[in-house]
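Asks: 3D, please:
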Amino acid sequence: MGKLDGRVALVTGAARGQGACEAQLFAGEGASVVIADVLDDPGREVAAQLGDRARFIHLDVTSEASWAQAVDFAVEHFGRLDALVNNAGVGSGGAIQDTSLDEFWRVIRINQVGVFLGMRAAVPTMIAAGGGTIVNTASTSGLVGIAGTGAYTASKHAVIAMTRVAALELGSHRIRVNVVAPGGVDTPMNAAVANDMDLTAEDPHAKMPLGRIGNPTEIARLVLFLTSDDSSYTTGAVHVADGGMLAGLIEF
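Replies: Next comes the predicted model:
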């Protein structure tokens, strides 16, 4: 018996990296999964690998119309929507004085507005189904300031704040809303940001307590926990998975 038997989940940014791992893990635990992404071919490949338990839909998380189509798609193909994982996001590096307004708004629209639109689109269907779960993806950048990531850090602080508000508003509807805050995770997005910030010469994770970057599957397991009944008394909480990054200073 799987932890998500009979449930229907929509995972954004599920064509690769962390989102693909989440979709695969959910399907393995009995869920039907909508793979949502702007990357059409990789998204279809993930859905095909999962078989009848999965369907792919193109989703632009910054578009209200695209979100409405995605939620309708889930209901049309699987009959309901029980879980939403707002995983889609973009990274961005650069000092504040070097960040253009266009770049700032691009990050905010995808990372912050995309989460807002996703929750707003999914909630009525979840209420009709008698409840559900939402897991939003923030970052350790949503808990502390990290130099050179002004736009990204602003967006992830906002995701945490919106998650707390949504948990307060939706608890009476039996909808739990939580947020994961990963540290460094070995994904294509993080690799691109590290390259932009010239962090590739020396591993910035080497001095952390666990001494390594995270694996996408490790974050996916945490998202599974927050989506399953194992976390039935958990809502409005920030769950950090960072290899000890925020525990404190190792050395001066």
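Asks: quick one: low-confidence ranges for the stretch 151-252 of the chain?
Replies: Low-confidence segments of the stretch 151-252 of the chain, defined by pLDDT under 70, are located at 189-203, 250-252.
Asks: that one: strands as residue ranges?
Replies: 175-182, 238-241 (DSSP state E, counting those that start in this stretch).
Asks: ok, the stretch 1-150 of the chain next?
Replies: Under DSSP E, counting those that start in this stretch, the stretch 1-150 of the chain gives strands at 8-12, 32-37, 54-58, 83-86, 132-137.
Asks: show me what the last one pairs with in its sheet, parallel or antiparallel.
Replies: So that's strand 132-137. Partner strands for strand 132-137, per DSSP bridges, with pairing direction: strand 83-86 (parallel), strand 175-182 (parallel).
Asks: quick one: contacts for Pro188?
Replies: For Pro188, the contacting residues are Arg16, Gly17, taking Cβ atoms under 8 Å, 6 or more residues apart in numbering as the criterion. C-betas here are computed from N, CA, C, even on glycine.
Asks: highest average neighbour count across the strands of the stretch 151-252 of the chain?
Replies: Between the strands of the stretch 151-252 of the chain, the one whose residues have the most neighbours on average, counting mean count of other Cβ atoms under 10 Å, is strand 175-182 (a mean of 25).
Asks: who touches that strand?
Replies: Residues from elsewhere that reach strand 175-182, judged by Cβ under 8 Å, 6+ apart: 18, 119, 123, 126-127, 131-140, 142-143, 156, 159-160, 163, 166-167, 170, 214, 219, 222-223, 226, 231-232, 234-242.
Asks: now for the strands of the stretch 1-150 of the chain, which one comes closest to Met1?
Replies: Set against Met1 and scored by Cβ to Cβ, the strands of the stretch 1-150 of the chain come closest in strand 32-37, at 15.7 Å.
Asks: and for the closest one, what's in contact with it?
Replies: Residues from elsewhere that reach strand 32-37, judged by Cβ under 8 Å, 6+ apart: 7-16, 19, 23, 26-27, 43, 46-47, 50, 53-59, 70, 73-74, 77-78, 88.
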